[in-house]
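Student: Sharing a model that was predicted from the sequence below.
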Amino acid sequence: MREVIMVKYGEIALKGLNKGTFEDILIKNIKRRLRHLGKFEYMRRQSTVYIEPVSHDADLDEVIEKLKTIFGIGAIQRCAVYPKDFEIIKEESVKYLETALQFARTFKVEAKRSDKTFPLKTPDIQMELGGAILEAYPHLSVDVHNPEVTVMCEIRDKGAYVSAERIIGAGGMPVGSSGKALLLLSGGIDSPVAGYMMAKRGLIVDAIHFVSPPYTSDRALMKVETLCEKLTAYCGDVRFFCVPFTEIQEALRDNCPQEYFTVIMRRLMIRIANHFCKENEYGALVTGESVGQVASQTLRAIQCTDAVAEFPVFRPVVGMDKKEITEIARHIDTFETSILPYEDCCTVFTPKHPKTRPDIADIEKAEAMYDFTDLINKAIRDTEIKLFRVEGNE
């Protein structure tokens, strides 16, 4: 029996004359993710990528698990492929579907006849194949509204494709189709989710993190590096900038009003991130800020932070509550790492009474009480850069 995996497009299917560019990026991403799982042949046709293993020992279940994390994919189907002879389709499909149907109670058949030369029309395919299934599995009954199993039969130009499961893909746009951005990655729940969401819009996402030893520990850094590793499952390879921030925070503590500490700290982080954006051609910054969640995330505080940004600042979780963000964090397997009790630099020297409605003129005056230029340049020079690669592509 010959099996293939059909990968169906998400938003790419809506594209116009530039659709081919998005398809090329998607197929490139798929090949990169699957290359350590075996050799495959790829065919692109009718808004679908067909993936067929060259050898019989390829684990298609593992292939599907990888495909589920690739943005740009709308749906995934593992299919048996038959010649376009309906008697063969009926006979062989009944055998192929045994695993899916033997313990089910209800089913329905959905058919699609892309090849209009096929002699049976869509309703006839559904009725005839459904009858063959009922004859082979008399314990089943048809439920067209809420079946336990939906059998799909697609008549396409290269053959007939039968499957019993349609897996929803990651959706979005292929990573690399929308440019590059730099994620301000803390050790919390929100920022990894923000990176995931921007990768879903087609951005290559790299990360910048600020450490303040001895106030922050090696375990806190390891926690953030683990988050980077987990993000590679969705974002692809992640370049990681680790910025030493201790001297800057100590100078801030010793020279600036305490109530403005958090906002000024964020502004200094943005100034450093600006440098790496220019140096590496990132088109935007990404943060995990959500309006009103903490003192530095009020509208006035965000305005003060954005005043020093030289690139657009994307905040994909800005209107979400913690429950919504947490659900996504669990889905992408970052939640349990994010809640490990190792503090990041954002919690160092936190003021007891931070200013929640700061005025930008007051912030600029407070920040001007110390010239941070030399310390910023030193932090940039001393930044360590690592590359976290997709599993299997080392």
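Tutor: Received it, and whenever you're ready, just let me know what you need. Because the structure is predicted, anything quoted here is derived from the model rather than measured.
Student: show me where pLDDT drops low in the protein?
Tutor: Within the chain, the stretches with pLDDT under 70 are 293-296, 353, 392-394.
Student: Could you pick out the longest helix of it?
Tutor: helix 261-280 (DSSP state H).
Student: name the helices or strands packed onto the next helix or strand after that one?
Tutor: Using DSSP states H and E, the helix or strand that directly follows helix 261-280 along the chain is strand 284-286. Under the contact criterion of 3 or more C-beta pairs under 8 Å, 6 or more residues apart in numbering; DSSP states H and E, strand 284-286 touches strand 180-184, helix 190-200, helix 261-280, strand 313-314. Using the backbone N, CA and C atoms, a C-beta is placed for each residue, glycine as well.
Student: Dump the ones you listed to TSV, plus mean neighbour count and distance to residue 64.
Tutor: Output for these, formatted as TSV (neighbours: other C-beta atoms under 10 Å; distance: least, C-beta to C-beta, whole Å):
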stretch	mean neighbour count	distance to residue 64
strand 180-184	24	28
helix 190-200	26	19
helix 261-280	20	34
strand 313-314	18	31
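Student: quick one, which of those is nearest to residue 222?
Tutor: Each of the helices and strands packed on strand 284-286 was scored for nearness to residue 222 using C-beta to C-beta, and the closest is helix 190-200 (14.8 Å).
Student: all helices of the stretch 251-394 of the chain, in order?
Tutor: 261-280, 299-306, 322-331, 335-338, 360-367, 373-381 (DSSP state H, counting those that start in this stretch).
Student: rewinding a little: just give me how far the longest helix of the chain sits from the chain centre.
Tutor: Put simply, helix 261-280 sits 25 Å off its chain's centre (C-alpha atoms, centre = their mean, to the nearest Å).
Student: okay, that helix in PDB with CA atoms only?
Tutor: Provided in PDB are the C-alpha atoms of helix 261-280 (Å, rounded to 0.1, in the frame of the first residue of the first chain):
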ATOM      1  CA  PHE A 261      13.300  53.000  37.700                       C
ATOM      2  CA  THR A 262      11.300  50.400  35.800                       C
ATOM      3  CA  VAL A 263      10.400  52.700  32.900                       C
ATOM      4  CA  ILE A 264      13.900  54.000  32.500                       C
ATOM      5  CA  MET A 265      15.200  50.400  32.600                       C
ATOM      6  CA  ARG A 266      12.900  49.500  29.800                       C
ATOM      7  CA  ARG A 267      14.100  52.500  27.800                       C
ATOM      8  CA  LEU A 268      17.700  51.400  28.200                       C
ATOM      9  CA  MET A 269      16.900  47.900  27.000                       C
ATOM     10  CA  ILE A 270      15.200  49.300  24.000                       C
ATOM     11  CA  ARG A 271      18.200  51.500  23.200                       C
ATOM     12  CA  ILE A 272      20.400  48.400  23.300                       C
ATOM     13  CA  ALA A 273      17.900  46.400  21.200                       C
ATOM     14  CA  ASN A 274      17.900  49.300  18.600                       C
ATOM     15  CA  HIS A 275      21.700  48.700  18.100                       C
ATOM     16  CA  PHE A 276      21.200  45.000  17.300                       C
ATOM     17  CA  CYS A 277      18.200  45.700  15.100                       C
ATOM     18  CA  LYS A 278      20.400  48.000  12.900                       C
ATOM     19  CA  GLU A 279      23.300  45.600  12.900                       C
ATOM     20  CA  ASN A 280      21.300  42.600  11.900                       C
END
